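>>> could you work out the structure for the sequence below:
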Amino acid sequence: MGTPAVHAQPPAVPLLTVLGETIAAARAAGRNDLVDRLEVAADRVRDPRRRIVITGQLGQGKSCFVNALLNLEICPVGDDATTDVPTLLAHGPEPRAELVLAGPSGAEEARVPLPMNEIGSVHARAPQAHGRRVLRLQIQLPNPLLADGIVLVDTPGVGGHASSYAAGVLGMVATADAVLVLSDASTELTEPELAFVRQVRELCPTTALLLTKVDLYPHWRQVHQADLDHLSRARVDVPIIPVSAVLRRHAMLLQDQQLGIESGFGVLYQFLRDQVVARDQAATRLAVAHDIQSAAEHLALALGSELVSLRDPRQGAMAVRELQLAKTTAEDLHRRTSAWQLTLSDGITDLAGDIDHDLRERLREIARTGEEWIDKHDPGRHWERIAEWLTGDIDAALGDNLLWTHTRAIELAERVAAHFTELGAVDLPDVSSGLHTEDSRTGTGTGTGTLADLEPDISFGSKILVGMRGSYGGVLMVGLATTFAGLAMLNPISIGAGVLVGGKAFRDDKQARLARRRNEAKVAIRRFVDDVAFQAAKESKDRMHRIHRALRDHYTGIAERALRSIDDSLRAAQEAANMETARRTERCAVLDRQLHMVAELRRYADAM
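Below is the predicted model:
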């Protein structure tokens, strides 16, 4: 009873064949710009790796699930074991692990081999890194599931006091092919979990919620139904798959098919086959078809113009005039790069300002809400709950800010694309890759620190001493006054006065201590939110720079390719007009064959 394969047989051979023919045609035409784009597409077809991000809150059994999925004991599990840095698992001929380390700028700088038996000790400041910060742990394993092109990313737990922030995980989600969000069957989805699932679903359509540990909780079916109701009310279209890593391990150990069915992993593999592999193959074919079609159009423009000029000089002269006009238009477009670049530059500036303001406003509202709550309660009694609430709300705020960045970036890409209407419809760039950065301190929790603890309240004995100190003053003052009436220092009146004064002193001290705790709690919250805002603002600026570069490079390439195609077509048509008659027939035959091949490529792309 081995690990079921999740791959379907893709039509890779004919796809690679037609890509090879398109590359050959582009290379023969001297269009290295088209060759580069097509070779990237060919690499994607040859190596169809699919990144599956596994995430969820702390203690949901992510590492145990990864072990059961791979049928290996690779990720450390246990009450005191937790994933501290993202762990990437891919196929390799031999087991091998390495730490990916950050440089001074935060980007990837070096890789350090790591013995497999030290995987469980890795954290963001692991001694093996020699003072540098660990970005991720990469593990290669000879595993059937990973050999099918699946790459698993086990992320640190999100939510909870002093845990990682969801925004860093959402950055990984934006570039993932699928996301598995884990929530155990002990209780139904909480509000923070539901908000996190909604954010994940908006960034990655191929998302599933795994209800884990169903073997431990007999009431898991009620929890399953409650989770379905929560998702339905929130209008989040995500399937729920109940699974048990324990049953899966026993099924593999005993080769028990019934246990395998009850573990729920069969349904999970079906989800991976239908929603991940098949959908990725369809998306790959669509993208490759678009690249082939675009390349064929560029090639056909030059070949067709030259052929028309060779066969009919009068039509060739008309074609030359049309091409000259088109070239003038393209050159104007190229010269007017300032127009679309101005739109892009202004759009990025506005976007950066709006995103920064939105982030600060969200964090200020969280701090304001926390301070208002503190003014009405004793923070010392509920500090752990305040920390969890604060972390959860910051998670949601950072995640929503990231989603808004994604939406606004797509809108900006569409506005810039409107400047290229002279060239027809142009494809939009993928802005999702700009959302993820290796230097995700807010994602690992290492850059922002944790919410400071409040000073503990004084002990019961100290409270008694405060009351006795106040009582002593009352007894002494009233006792001295009553001695003039012939009473003893200690008498019912002086004792009663001592009790009243002592009680007031105790209440005053209690109010003073409560006021100090409230002020201390407010300062701690403000400092914590300021730390988050500082780091998140840096992340946001870096994100804007990456999106800006992606949009700029994409549309610059479109403008240059269009001008190059028209320029080549014009030159070919002009050369054809001056070609000797004896060579015309031979050249026409060559062009006919090339145009026929290009037409076949376009028909293949249209059929795809």
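>>> only C-alpha atoms from now on, for both contacts and neighbour counts.
OK.
>>> for stretch 37-47, list every residue counted as buried.
By 16 or more other CA atoms under 10 Å, the buried positions in stretch 37-47 come out as 38, 41-42, 45.
>>> any chance of the residues you listed in CSV, plus pLDDT?
Output for those, formatted as CSV (pLDDT from 0 to 100):
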residue, pLDDT
L38, 76
A41, 74
A42, 76
V45, 74
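>>> and which of these is nearest to L137?
Nearest to L137 among the buried residues of stretch 37-47 is V45, at 26.4 Å by CA to CA.
>>> name the residues that touch the helix or strand where that closest one lies?
Per DSSP states H and E, V45 falls inside helix 32-46. Helix 32-46 is contacted by residues 12, 15-16, 19, 22-23, 26-27, 284, 287-288, 291-292, 295, 561 when judged by CA atoms under 8 Å, 6 or more residues apart in numbering.
>>> same thing but 10 Å
10-13, 15-20, 22-28, 48, 281, 284-285, 287-289, 291-292, 294-296, 298-299, 557, 560-561, 564 (CA atoms under 10 Å, 6 or more residues apart in numbering).
>>> strands - which of the residues you listed land there?
Using DSSP state E, no member of the contacts of helix 32-46 falls in strands.
>>> can you select the buried ones among the residues you listed for me in PyMOL?
Selection of buried members from the contacts of helix 32-46 for PyMOL, criterion 16+ other CA under 10 Å:
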select buried, resi 15+16+18+19+20+22+23+25+26+48+281+284+285+288+289+291+292+294+295+296+298+299+561+564
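>>> out of the contacts of helix 32-46, which sit inside helices?
12-13, 15-20, 22-28, 281, 284-285, 287-289, 291-292, 294-296, 298-299, 557, 560-561, 564 (DSSP state H).
>>> ok so, going back, save the buried residues of stretch 37-47 as JSON lines, and put in distance to G399 too.
Listed next are the buried residues of stretch 37-47 as JSON lines, based on distance: CA to CA, whole Å:
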{"residue": "L38", "distance to G399": "35"}
{"residue": "A41", "distance to G399": "31"}
{"residue": "A42", "distance to G399": "34"}
{"residue": "V45", "distance to G399": "32"}
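>>> at which residues are the strands of the stretch 51-200 of the chain located?
87-91, 96-102, 108-114, 134-141, 150-154, 178-184 (DSSP state E, counting those that start in this stretch).
>>> helices or strands next to the fourth one in the packing?
Spelled out, it's strand 134-141. Applying 3 or more CA pairs under 10 Å, 6 or more residues apart in numbering; DSSP states H and E, one finds that strand 134-141 contacts strand 87-91, strand 96-102, strand 108-114, strand 150-154, helix 441-444.
>>> what pairs with that strand, parallel or antiparallel?
Using DSSP bridges, the strands paired with strand 134-141 in its sheet are strand 87-91 (parallel), strand 96-102 (antiparallel).
>>> next: the third one.
Based on DSSP bridges, the strands next to strand 108-114 in the sheet, each with its direction, are strand 96-102 (antiparallel).
>>> same question for the strand it pairs with, mean pLDDT?
The average pLDDT within strand 96-102 is 84.
>>> what does that strand contact?
87-89, 107-119, 122, 124, 126, 128-142, 438-439.
>>> the nearest residue to Q275 once chain neighbours are set aside - how many residues pack around it?
In space, and not counting its chain neighbours, Q275 is closest to T206: 6.6 Å by CA to CA, 6 or more residues apart in numbering. Taking other CA atoms under 10 Å as the criterion, the count of residues near T206 is 21.
>>> next up, the contacts around T206.
52, 176-180, 200, 238-239, 271-272, 275-276, 279.
>>> restricted to buried residues, select those residues in ChimeraX.
To isolate the buried subset of the contacts of T206 in ChimeraX, counting by 16+ other CA under 10 Å, use the following:
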select :52,176,177,178,179,180,200,238,271,272,275,276
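>>> what would the contacts of T206 look like in JSON lines with pLDDT and distance to I525?
Output for those, formatted as JSON lines (pLDDT from 0 to 100; distance: CA to CA, whole Å):
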{"residue": "I52", "pLDDT": "90", "distance to I525": "35"}
{"residue": "A176", "pLDDT": "84", "distance to I525": "34"}
{"residue": "D177", "pLDDT": "86", "distance to I525": "37"}
{"residue": "A178", "pLDDT": "89", "distance to I525": "35"}
{"residue": "V179", "pLDDT": "92", "distance to I525": "32"}
{"residue": "L180", "pLDDT": "93", "distance to I525": "32"}
{"residue": "V200", "pLDDT": "89", "distance to I525": "27"}
{"residue": "V238", "pLDDT": "92", "distance to I525": "35"}
{"residue": "P239", "pLDDT": "93", "distance to I525": "37"}
{"residue": "F271", "pLDDT": "88", "distance to I525": "43"}
{"residue": "L272", "pLDDT": "85", "distance to I525": "42"}
{"residue": "Q275", "pLDDT": "82", "distance to I525": "43"}
{"residue": "V276", "pLDDT": "80", "distance to I525": "42"}
{"residue": "R279", "pLDDT": "76", "distance to I525": "45"}
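>>> no further questions, thank you.
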